[in-house]
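Peer 1: Would you be able to build a 3D model of this:
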Amino acid sequence: MPTKRPESVLRLRVFPAVVLVLLLVFAAGRVLAQQASQGQSGPTPGTQFVPMPGSQIAPVPGSQIAPMPGSQVVPMPGSQVVPAPDSQFVPRMESEPEPIPAGQGGCSTPCCGCPAPRYPWYVRSELIALRREVLENTTFTEAGTVVAGGVVPTGLSLTHDDLPKPFEAGGRALIGYTFDDSPFQLELSFFSLNEWDTSGGLVDSNDELNGKPGNLFSPFTHFGNPLANGTVDYNYSVQVHEVSYLDNAELNLKQLLPMPSGILTTNILFGLRHINVREVFDYNSQPAPTPPTVSTVNVTAHTINDIWGAQIGALFEINAASNTWISFEIKGALCDNATSRDLNALVGTADTNHPRLSEADTVYVGDFNLAAYWRPTQHVTARIGYQAIWINGLTLAEENFHPNLASLISTTIQPPLNCSGTVLYHGPYAGLELHW
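Peer 2: Numbering: from 1, shown residues only. Predicted coordinates for the structure are as follows:
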């Protein structure tokens, strides 16, 4: 059964793309401007160097005095230019600001044992692809044989594990700022992915029913135990369709810890996190083709998880080779989940629309990120990695569509929320970071 997608989803898909483009354009403009200013450093032809009265120019032995072509060194009255023996004077070329040293034992030229350079501003753009795995295996229908006292399963069923688990692509943007030469950095990041859209089905194992009822039983009667129901059980086919969305935003303050010189640097972080998980789940069961012996059943559950919380974490970086680092980041968040569910059931011709049910629950988040990055130029870093996000305490649509039959079709009974879902999102990512 087709599912209507919220109009707000389209706006959420456009927003990160616009942010990514603006950040990259801004960063590229800054880099080009600094490179242009660097090329204009030094005295221009025709300029004069004028020492103040009474001053002396005394180069260090072995240095050079090298005015630009066309420039002049003109002492003021009373001043002297006194070169030391075998000395030369070379005006220092004006250059862009040096990167802020990273920890004790920082290196001007990255090599093994050097911490990663830290720049005042940096932006990051990455492509990510995550797989969604629900850790509870929900059963949607089960085949069985009716016997005295209940239904004996035949071993054929349709569960969550039978549904496809594709990797869905998305984009992530990050902008960061280093507070002068302090150990603190402030980072704002956001990512959004395409929706996971999966379907699955199961058909009665009998090729020809010959007017007999089907052998697929519904979760609304606990698959016919202790007693099957002639309205929602004895199905010929069962189809399910699930759509899930994930968006994530973070604001983190990172602090570089003072450490002895070596290949390892460590940061701790404190921040805020927002996660939005929205899902729609459709269940459809059909009776035998001829003659129909039970009713057609359509159930739709729509859930929202609006998650806000505080998080802490740590980042460990190892300088593995020249201009190359390996990092491992771990974060944990304790969050509040403003969750809700809409539930609609159409059993035969009886349409039951349950009002929205809302609760506030606690959600736990664990985030693990392993990355490698290489800095080919002063302004560009290439990154590749693998990330896993574990979330516990979600209201999942597939776990909230199947209350018992009495509450499903009742207009006065509100089925309770199941807020104990656990999902693991994991997958690779790659991108570029521009810094200046």
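
Peer 1: which residues touch stretch 312-325?
Peer 2: 110-116, 252, 254, 263-271, 326-332, 367, 372-376 (CB atoms under 8 Å, 6 or more residues apart in numbering). Bear in mind the C-beta positions are built from the backbone N, C-alpha and C, glycine included.

Peer 1: remind me which residues of this protein are low pLDDT?
Peer 2: In the predicted model, the chain carries pLDDT under 70 at residues 1-113, 206-211, 289-293.

Peer 1: before we move on, back to that, so of the contacts of stretch 312-325, which ones are in strands?
Peer 2: Among these, the residues falling in strands (DSSP state E) are 252, 254, 264-271, 326-332, 367, 372-374.

Peer 1: just the buried members of those residues?
Peer 2: 252, 254, 265, 267, 269, 271, 326-327, 329, 331-332, 367, 373 (16 or more other CB atoms under 10 Å).

Peer 1: Dump these into CSV; add distance to Ile307 as well.
Peer 2: Below are those laid out as CSV (distance: CB to CB, whole Å):
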residue, distance to Ile307
Asn252, 16
Lys254, 22
Thr265, 31
Asn267, 24
Leu269, 19
Gly271, 14
Ile326, 30
Ser327, 26
Glu329, 20
Lys331, 14
Gly332, 14
Asp367, 13
Tyr373, 29
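
Peer 1: Closest to Arg131 out of those residues?
Peer 2: Checking these against Arg131 by CB to CB gives Asp367 as the nearest, at 15.4 Å.

Peer 1: which residues sit in contact with the nearest residue to the closest one once chain neighbours are set aside?
Peer 2: Once flanking residues are discounted, Asp367 sits nearest to Lys331: 4.1 Å by CB to CB, 6 or more residues apart in numbering. Contacts for Lys331 were tallied using CB under 8 Å, 6+ apart; they are Leu269, Gln311, Ile312, Gly313, Val365, Gly366, Asp367, Asn369.

Peer 1: Please produce a PyMOL select command covering the buried subset of those.
Peer 2: Those of those that count as buried under 16+ other CB under 10 Å are selected in PyMOL with:
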select buried, resi 269+311+313+365+366+367+369
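
Peer 1: Just the closest of the contacts of Lys331 to Glu133, please.
Peer 2: Nearest to Glu133 among the contacts of Lys331, with distances taken as CB to CB, is Gly366, at 14.1 Å.

Peer 1: which non-adjacent residue is nearest the closest one?
Peer 2: Trp390 (4.2 Å).

Peer 1: residues contacting that neighbour?
Peer 2: Val365, Gly366, Asp367, Phe368, Thr422, Val423, Leu424.

Peer 1: Over to Ile268?
Peer 2: Shown in contact with Ile268 (CB under 8 Å, 6+ apart): Lys254, Gln255, Leu257, Ile312, Gly313, Ala314, Leu315.

Peer 1: ok, 6 Å please
Peer 2: Gln255, Ala314 (CB atoms under 6 Å, 6 or more residues apart in numbering).

Peer 1: Could you measure from it over to Ile409?
Peer 2: 54 Å (CB to CB, to the nearest Å).

Peer 1: Which helix or which strand is home to the most centrally placed residue in the chain?
Peer 2: Among the residues of the chain, the one closest to the centroid is Phe191, at 4.8 Å (CA atoms, centre = their mean). Per DSSP states H and E: Phe191 is located in strand 184-193.

Peer 1: for Asn229, what are its contacts?
Peer 2: By CB under 6 Å, 6+ apart, the contact set of Asn229 is Thr221.

Peer 1: okay, now Asn353: neighbour count?
Peer 2: 11 (other CB atoms under 10 Å).

Peer 1: Isn't it up against Asn344?
Peer 2: Yes: assessed by CB atoms under 6 Å, Asn353 is found in contact with Asn344 at 5.0 Å.

Peer 1: Quick check: closest non-adjacent residue to the residue nearest to the centre of the chain.
Peer 2: Nearest non-adjacent residue to Phe191, counting by CB to CB, 6+ apart: Arg172, 3.6 Å away.

Peer 1: Many thanks, we can stop here.
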